[in-house]
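Colleague: Sequence plus predicted model, see below.
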Amino acid sequence: MTTHSSFLPSYDFAGFEQYIKLMHNDRWLVASTNLGIFGGLFILICLAIGIVLAIFLDQRIRQEGFIRTVYLYPMALSMIVTGVVWKWLLNPSLGLEKLMHDWGWTSFSFDWLVNSQMVVYTLVIAAVWQASGFVMALFLAGLRGIDPAIISAARVDGAGLPTIYLRIVLPALRPVYFSAVMVLAHIAIKSFDLVTAMTAGGPGYASDLPALFMYSTTFTRGQMGLGAASAMLMLGAVLALLVPYLYSELREKRHA
Amino acid sequence: MHDTNTRPFSISRVAIYATLIVAMLVYLIPVVVMLLNSFKTTGDIRAGNLLALPTTWTLEGWSKAWSSACTGVQCEGVHGFFWNSFRMTVPAVLISTILGSFNGYVLSKWSFRGSNLFFSLLLFGCFIPFQVIILPMAFTLGKLGLANTLTGLVLVHVIYGVAFTTLFFRNYYVSVPDALIKAARLDGAGFFTIFFRILIPLSTPIFMVCLIWQFTQIWNDFLFGVVFASGHGQPITVAINNLVNTSTGVKEYNVDMAAAMIAALPTLLVYIVAGKYFIRGLTAGSVKG
């Protein structure tokens, strides 16, 4: 469907016109590139932090329950609240930079939030803060599900603890990586609240993401056709992840 | 699995504890900063640094955020939006949970031709990016005469919540032995009797998971709120975003922080009181397809 920047839809069939327009839209290209950077880093860092914390927490830690609770509470906060807090913490004149200056480190500079080259990484910081505890919980549950007999056997064979984790435990957690990547990718593709609250896509549209692009094209600028086309591409991205995932899940069940 | 190394003061133990404690601080600091600064005066915030304790503790930020801060054009604080969120969340959570338990019962114990297909399609509702359904949903709500109403917002949350609640209940009821149902049927129990007399009494844990999951999801939602509500009908997440990003006059960061705390308190409270179920919901709901 096409629109002429009005809120009244016209239902003439336009073929792939909107998709072609989208591919030539600079803002969309920035938004999708950003999603690649944001999503990729977000998933990798969350996995790294989640796995390390889960393994460490699994070493008969005192107060484990309490520590786990602390790691997971950001997940109870909305992305809006997360965005508001991090916007404040990373604001050069109020947050971290000012703190360092007050403590005497006057050459410290952290202006990523207002730097169009770096702003997308601030989104990664906030999102990792919110979701990495959740990845920790997934992996901890996975670790608890591993048969201790396998570990004892490896020990008898003379394997050290790092070897046991690298060669036996982490490979055994394959289904957990799958689920974690699924959930995180899904969070990344939908990310709308976080970027709205933290940067509103700015400076300019340097930190735009597809979800925000879809919203502002459709509702702020009234280009419904373009917005709908971008939404369908987001759906395509989710399906590209979901279909192989569900396929492997179902296959595993059949073989079980 | 557990490390069998029980020497209490090895270097690796110290390193592990140190890492865990640093991580704890990283997770805690943002909310501690938010809380501390919500009790400061604006002058205090500008003068001191963000980790300093308030020189004078004041509730000014909180009272202004609650009753007189500007959220866009109106300056009545966030209290109205806070209650909007409650009026939206409570019915949406209850309706979607009840429907989910019923769906889960049918899908697990009364499978019919195509019920697996039906379930797969429903799962689709858990994974679909909501941006995709915004436009069709806006047209639908308009046709139903529910555009920009609280009822419309509740309806949208129920529709997309049912996908998750059905998943929760179905996976839970699958583990209830079929023999139990068969025995009840031999004793003459019907469809509803089995549901209310056998399954519901077994369902307290899954009801908790479901209620908490749905409460957090719906309370924290922003997208549906910003699209399907307007003006006085908006939920608190939308109001907070308007408040923080309103650029008129001098920025009062204590008010921003207090408002963000107000928006975060209900879900934080639920998490603190019933975190066990919250975690179970997170892992169960988002993992098992």
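Modeller: Done, it's in.

Colleague: is it true that B:Ala189 touches B:Arg197?
Modeller: Yes: using Cβ atoms under 8 Å, B:Ala189 is in contact with B:Arg197, at 6.8 Å. Just so you know, the C-beta spots here come from the backbone N, C-alpha and C atoms, and that holds for glycine as well.

Colleague: Among the two, which residue is more densely surrounded?
Modeller: Per other Cβ atoms under 10 Å in any protein chain shown, whichever of B:Ala189 and B:Arg197 has more neighbours is B:Ala189, with 16 against 11.

Colleague: In contact with that one, which residues are there?
Modeller: Taking Cβ atoms under 8 Å, 6 or more residues apart in numbering or on different chains as the criterion, B:Ala189 is in contact with B:197-198.

Colleague: Confirm that it sits in a strand.
Modeller: No: assignment of B:Ala189 by DSSP: H, G, I helix; E, B strand; the rest coil gives coil, placing it outside any strand.

Colleague: Look up the pLDDT of it for me, please.
Modeller: Here the pLDDT value assigned to B:Ala189 is 86.

Colleague: repeat for A:Met182
Modeller: pLDDT recorded at A:Met182 is 84.

Colleague: The one 10 residues further on now?
Modeller: According to the predicted model, the pLDDT of A:Phe192 comes to 90.

Colleague: Now the phi/psi pair for it, please.
Modeller: phi -130, psi -50 (degrees, to the nearest 10).

Colleague: Tell me, how many residues neighbour it?
Modeller: So A:Phe192, with other Cβ under 10 Å, has 22 neighbours.

Colleague: so what pLDDT did whatever residue of the stretch 101-250 of chain B ends up closest to chain A get?
Modeller: Proximity of the stretch 101-250 of chain B to chain A (Cβ to the nearest Cβ) peaks at B:Asn220, 3.4 Å away. pLDDT for B:Asn220: 93.

Colleague: Please apply the same query to B:Arg7.
Modeller: Value for B:Arg7, per-residue pLDDT: 53.

Colleague: now B:Gly100
Modeller: B:Gly100 is assigned 94 on the pLDDT scale.

Colleague: for B:Gln234, same thing?
Modeller: At B:Gln234, the pLDDT value in this model is 91.

Colleague: Isn't it up against B:Phe224?
Modeller: No: the pair B:Gln234 and B:Phe224 fails to qualify as a contact (Cβ under 8 Å) at a distance of 10.7 Å.

Colleague: Name the SS class of B:Ser111, please.
Modeller: Relying on three-state DSSP, one would call B:Ser111 coil.

Colleague: how many other residues sit next to it?
Modeller: Residues near B:Ser111, counting by other Cβ under 10 Å: 12.

Colleague: Kindly report the same for A:Leu44.
Modeller: Neighbours of A:Leu44 using other Cβ under 10 Å come to 14.

Colleague: Quick check: what element follows whichever strand or helix holds B:Phe192 along the chain?
Modeller: Element membership for B:Phe192, per DSSP states H and E: helix B:191-193. Using DSSP H and E, the helix or strand that follows helix B:191-193 towards the C-terminus is helix B:200-202.

Colleague: quick one: the residue lying closest to A:Ile125 once chain neighbours are set aside from B:Ile240, how far?
Modeller: Nearest-residue entry for A:Ile125: A:Trp86, 6.7 Å, with adjacent residues in sequence omitted and distances by Cβ to Cβ, 6 or more residues apart in numbering or on different chains. Look at A:Trp86 and B:Ile240: by Cβ to Cβ, to the nearest Å, they are 14 Å apart.

Colleague: Compare those two and say which is more crowded by neighbours.
Modeller: With neighbours defined as other Cβ under 10 Å, A:Trp86 and B:Ile240 compare such that B:Ile240 has more, 28 against 24.

Colleague: Tell me if A:Ser116 really is in a strand.
Modeller: No: counting by three-state DSSP, A:Ser116 is located in no strand; its state is coil.

Colleague: The helix or strand A:Ile150 falls within vs chain B: in contact?
Modeller: In this assignment (DSSP H and E), A:Ile150 forms part of helix A:148-156. Yes: counting by Cβ under 8 Å from any Cβ of the partner chain, chain B is contacted by helix A:148-156 at A:148, A:151, A:155.

Colleague: Neighbour-wise, which one of those residues leads?
Modeller: A:Ile151 (20 neighbours).

Colleague: and it, what pLDDT?
Modeller: 81.

Colleague: Surely it touches A:Tyr165?
Modeller: No: the criterion here is Cβ under 8 Å, and A:Ile151 misses it with A:Tyr165 at 9.6 Å.

Colleague: rewinding a little: among the residues of helix A:148-156 next to chain B, pick out the one closest to A:Thr33, please.
Modeller: Closest approach between those and A:Thr33, by Cβ to Cβ: A:Ile151, at 43.4 Å.

Colleague: Do I have it right that the residue of the stretch 101-250 of chain B closest to chain A meets A:Thr82?
Modeller: No: using Cβ under 8 Å, B:Asn220 is not in contact with A:Thr82, being 9.8 Å away.

Colleague: Touching both of the two, which residues are there?
Modeller: If you check B:Asn220 and A:Thr82 against Cβ under 8 Å, 6+ apart, no residue is contacted by both.

Colleague: how near is the closest residue to chain B within chain A to B:Val226?
Modeller: Minimum separation of chain A from chain B (Cβ to the nearest Cβ) falls at A:Ser78, amounting to 3.4 Å. Per Cβ to Cβ, A:Ser78 is found 12 Å from B:Val226.

Colleague: Of the two, give the one with the bigger neighbour count.
Modeller: For A:Ser78 versus B:Val226, the count of surrounding residues by other Cβ under 10 Å is larger for A:Ser78: 26 against 21.

Colleague: what does stretch A:30-39 rub up against?
Modeller: With Cβ under 8 Å, 6+ apart as the test, stretch A:30-39 has contacts from A:120-121, A:123-124, A:127, A:184-185, A:188-189, A:191, A:205-210, A:212-213.

Colleague: and the residue nearest to B:Ala274 when sequence neighbours are not counted, what helix or strand is that in?
Modeller: Of all residues not flanking B:Ala274 in the chain, B:Ile212 sits nearest, at 5.6 Å (Cβ to Cβ, 6+ apart). Assigned by DSSP H and E, B:Ile212 belongs to helix B:204-220.

Colleague: what about dumping the CA coordinates of that helix to CSV?
Modeller: Extracted in CSV, the C-alpha atoms of helix B:204-220 (Å, rounded to 0.1, in the frame of the first residue of the first chain):
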residue,chain,number,x,y,z
THR,B,204,-1.2,-22.6,42.5
PRO,B,205,2.5,-22.4,41.5
ILE,B,206,1.8,-21.9,37.8
PHE,B,207,-0.8,-19.3,38.6
MET,B,208,1.8,-17.4,40.6
VAL,B,209,4.3,-17.6,37.7
CYS,B,210,1.7,-16.5,35.3
LEU,B,211,0.3,-13.6,37.3
ILE,B,212,3.8,-12.2,38.1
TRP,B,213,5.1,-12.6,34.5
GLN,B,214,2.0,-10.9,33.1
PHE,B,215,2.1,-8.2,35.7
THR,B,216,5.7,-7.3,34.9
GLN,B,217,5.2,-7.5,31.1
ILE,B,218,2.1,-5.4,31.0
TRP,B,219,3.2,-2.8,33.6
ASN,B,220,6.5,-2.3,31.8
